[in-house]
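> Predicted model, plus sequence, below.
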Amino acid sequence: MTTQASPACRLFVGDDLGEGRSLELSNQQSHYLCNVLRLSNGAAIGVFNGRDGEWLAHLARRGKGGVGLDTIRLIRAQTPTGDLQLLFAPLKHARLDYMVQKAVEMGVSCLVPVTTRYTQVARLNLDRMRANAIEAAEQCNILSLPEIRPLTTLEHALRAIEPTRLLIYCDENAPRGNPLDALRGACRGPLAVLIGPEGGFAQEERNQVLVQSKVVRLSLGPRVMRADTAAVAALALVQACLGDWIGHDP
């Protein structure tokens, strides 16, 4: 199948997708399409569910004010996603929203929130995280959503990392050097990036990380970054050196 350009408006749906399917929309989706975007009956919309590729659909106004979508044809087949996890200490609302959106744009396949000694946020709204991930995928031509795991401790998250997965540990106390040089020597395969909280890692946490079977300790330079900025910087480095920016899956 020849890949075709996606329509300007894209929408994530939970339904299975296929030719000639009739999809119902939530009230929020209907309001967005009809009242915010002011789309007319028959308008072209790209729909995706993270499983069945992207489909061209037409907006269909139904009886008694109902609004739905009718799928027409497949415009992009589902493609495999890279295997890139982001382990991070939760942030306050606006900055967490930003980090989730940028992580999706940067190709993260799994978001793993972890608590550390200096984590400042004790509770996490997973529904809000998912909504931000959906919005980023809709706007950035992405076909898949990342897995979003429940909040766990750093210790448990480290135990869950497979022996074959390379952990890229962003440590403010790491010796300074060219981060690309540090990454170029790393092996290919599944990856995980670990970002700490605003207060950094406690020494015992640093020790727990450094005994992982496969770990690269990475300095992000001389400047003190906010945690959300550090996440974007680290993901950019990883994708530039080991990820899908160089033409293959991590």
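Perfect, thanks for sending it. Numbers count the residues shown, from 1 in each chain.

> Walk me through the domains of this protein.
Domain ranges of the chain: 10-76, 84-246, per automatic domain parsing.

> and among those, the most buried is which?
Ranked by mean neighbour count under mean count of other C-beta atoms under 10 Å, the domains of the chain are led by domain 84-246, which reaches a mean of 17. For glycine as for every other residue, the C-beta is placed from the backbone atoms N, C-alpha and C.

> How far off centre is it?
Chain-centre distance of domain 84-246: 11 Å, with C-alpha atoms, centre = their mean, to the nearest Å.

> which ones are touching the residue nearest to Asp16 when sequence neighbours are not counted?
Take Asp16 and drop its neighbours on the chain: the residue closest to it by C-beta to C-beta, 6 or more residues apart in numbering is Asp52, 6.4 Å away. Asp52 sits next to Asp16, Leu17, Gly18, Gln78 when contact means C-beta atoms under 8 Å, 6 or more residues apart in numbering.

> one more time with 10 Å
Residues counted as contacts of Asp52 (C-beta atoms under 10 Å, 6 or more residues apart in numbering) are Val13, Asp15, Asp16, Leu17, Gly18, Arg21, Thr71, Leu74, Ala77, Gln78, Leu143.

> Am I right that the third one is in a strand?
So that's Asp16. No - assigned with DSSP: H, G, I helix; E, B strand; the rest coil, Asp16 falls outside any strand and is coil.

> Can you verify my assumption that it contacts Gly50?
No - between Asp16 and Gly50 there is no contact under C-beta atoms under 10 Å: 11.2 Å.

> follow-up on the earlier one: am I right that the residue nearest to Asp16 is in a helix?
No - looking at Asp52 with three-state DSSP, it is coil, so not inside a helix.

> so what secondary structure elements neighbour the host helix or strand of Gln85?
Assigned by DSSP states H and E, Gln85 belongs to strand 84-88. If contacts are counted by 3 or more C-beta pairs under 10 Å, 6 or more residues apart in numbering; DSSP states H and E, strand 84-88 sits against helix 93-105, strand 110-115, helix 154-160, strand 166-170, strand 191-195, helix 227-241.

> need those in a markdown table with mean pLDDT, can you?
Listed next are the helices and strands packed on strand 84-88 as a markdown table, based on pLDDT from 0 to 100:
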| stretch | mean pLDDT |
| --- | --- |
| helix 93-105 | 95 |
| strand 110-115 | 97 |
| helix 154-160 | 96 |
| strand 166-170 | 96 |
| strand 191-195 | 97 |
| helix 227-241 | 94 |
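
> Save these as TSV, and put in distance to Pro179 too.
Output for the helices and strands packed on strand 84-88, formatted as TSV (distance: least, C-beta to C-beta, whole Å):
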stretch	distance to Pro179
helix 93-105	18
strand 110-115	21
helix 154-160	21
strand 166-170	9
strand 191-195	12
helix 227-241	5
